[in-house]
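Colleague: Build me a structure from this.
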Amino acid sequence: MKELTENIKKAAILVAALPYIQAFRNKTVVVKYGGSIGPGDSDNDTILQDIVFMEHVGMNPVIVHGGGVAIDKRLKERNIETHRVNGLRITDGDTMQVVEETLFGEVNVAIVTELERLGGRAVGVSAKDAGVMHVRKHSGRDSNGDAVDIGYVGEVDHINATPINELIKDGVIPVIAPIGLGEDKKSYNVNADTAAGEIAVGLCAEKLVFLTDVIGVMRDPSDDSSLLSTIQVDEVESLIKDRIIDGGMIPKAKACVQSVRAGVQKTHIVDGRIPHSMLLEFLTDEGIGTQIVQ
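Modeller: Here you go, the predicted model:
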């Protein structure tokens, strides 16, 4: 009888999720994955399980991943020093080679392999080689505002969503490495948060999700109860000015704002360390992270 009762509870949970599943069926959801959260980083890692679940119930998940930790490790192994200007990695030719090899040849492969192990169908994509992300050279400036050459770092010029849409129509999960194609036909490193936002806009996505290692945007980082569950796009700049949104959260929040203003319906910043965080955010009334909306 106890087992029957537990099974009835499980069935009730599935039925409660049905309206959300119906609402998001055939809708595209772009997920920024990686950076501080990556495959196998935790015994509680359920992110890729959630993504396979989403695909199996009719959603169209698209993954855009980072890989800063893996890149730093590979650069250190090759005795290549890392320097940054305003948070952006100075990327010379040798560094760019390591970035591309690591992002597409290592991190991307690991994500695709894990998705397939979980029963999903996935294809790794270099945004450069597939002709998805076309970029111009980033105009770097130092803390004094003076121009500085930071090498092969790109700003997104435009997105060609056709190759990704074709994969979605084929029923596979695109896993995209944020490497851009420059006007000189060379590879450029693009901030993965920015790339995810631009790709979400290009795909006319229903949702854009940033998975991170904090519970969301908090007024007081030391107080979980200060979580801001909903932020209007017009509030973001003042929150950045007041340093409530700070550090690595800034590019995520700015990508959310740009995406919403360009037509993405909802954007979310969610703690990827919480088991099944994306399903809790999407398939319940309460949610668990921060949503940035119009």
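Colleague: Restricting to C-alpha, output the helix or strand containing V62 in PDB.
Modeller: Using DSSP states H and E, V62 falls within strand 60-65. Provided in PDB are the C-alpha atoms of strand 60-65 (Å, rounded to 0.1, in the frame of the first residue of the first chain):
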ATOM      1  CA  ASN A  60      13.300  22.100 -28.400                       C
ATOM      2  CA  PRO A  61      16.400  22.600 -26.100                       C
ATOM      3  CA  VAL A  62      19.500  24.200 -27.500                       C
ATOM      4  CA  ILE A  63      22.700  24.300 -25.400                       C
ATOM      5  CA  VAL A  64      25.300  27.000 -25.700                       C
ATOM      6  CA  HIS A  65      28.300  26.200 -23.400                       C
END
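Colleague: So what touches that strand?
Modeller: Outside strand 60-65, the residues that touch it by Cβ atoms under 8 Å, 6 or more residues apart in numbering are 26-34, 38, 51, 54-55, 103, 107-108, 111, 164, 168, 173-178, 192, 195-196, 199, 203, 205. In short, each C-beta sits where N, CA and C put it, glycine included.
Colleague: Buried subset of the residues you listed as a ChimeraX selection?
Modeller: Written as a ChimeraX command, the selection of buried residues from those, which uses 16 or more other Cβ atoms under 10 Å, is:
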select :27,28,29,30,31,32,33,34,38,51,54,55,103,107,108,111,164,168,173,174,175,176,177,178,192,195,196,199,203,205
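Colleague: hang on, the earlier thing: so which elements touch the helix or strand following the strand holding V62?
Modeller: Sequence order places helix 68-77 as the next helix or strand after strand 60-65, per DSSP H and E. If you count contacts as 3 or more Cβ pairs under 8 Å, 6 or more residues apart in numbering; DSSP states H and E, helix 68-77 packs onto helix 93-102.
Colleague: Now the helix it packs on: average pLDDT?
Modeller: The average of the pLDDT scores along helix 93-102 is 93.
Colleague: could you say what helices and strands it packs with?
Modeller: Against helix 93-102 (3+ Cβ pairs under 8 Å, 6+ apart) you get helix 68-77, strand 187-189.
Colleague: what separates the shortest one from the chain centre, distance-wise?
Modeller: Centre-to-centre, strand 187-189 and its host chain are 18 Å apart (Cα atoms, centre = their mean, to the nearest Å).
Colleague: which residues touch the closest residue to G197 other than its chain neighbours?
Modeller: Nearest non-adjacent residue to G197, counting by Cβ to Cβ, 6 or more residues apart in numbering: A255, 3.1 Å away. Residues counted as contacts of A255 (Cβ under 8 Å, 6+ apart) are D193, T194, A196, G197, E198, L208, F210, T267.
Colleague: taking those residues one by one, which sit in helices?
Modeller: D193, T194, A196, G197, E198 (DSSP state H).
Colleague: okay, now the last one: neighbour count?
Modeller: Neighbouring residues of E198 were enumerated by other Cβ atoms under 10 Å; the total is 29.
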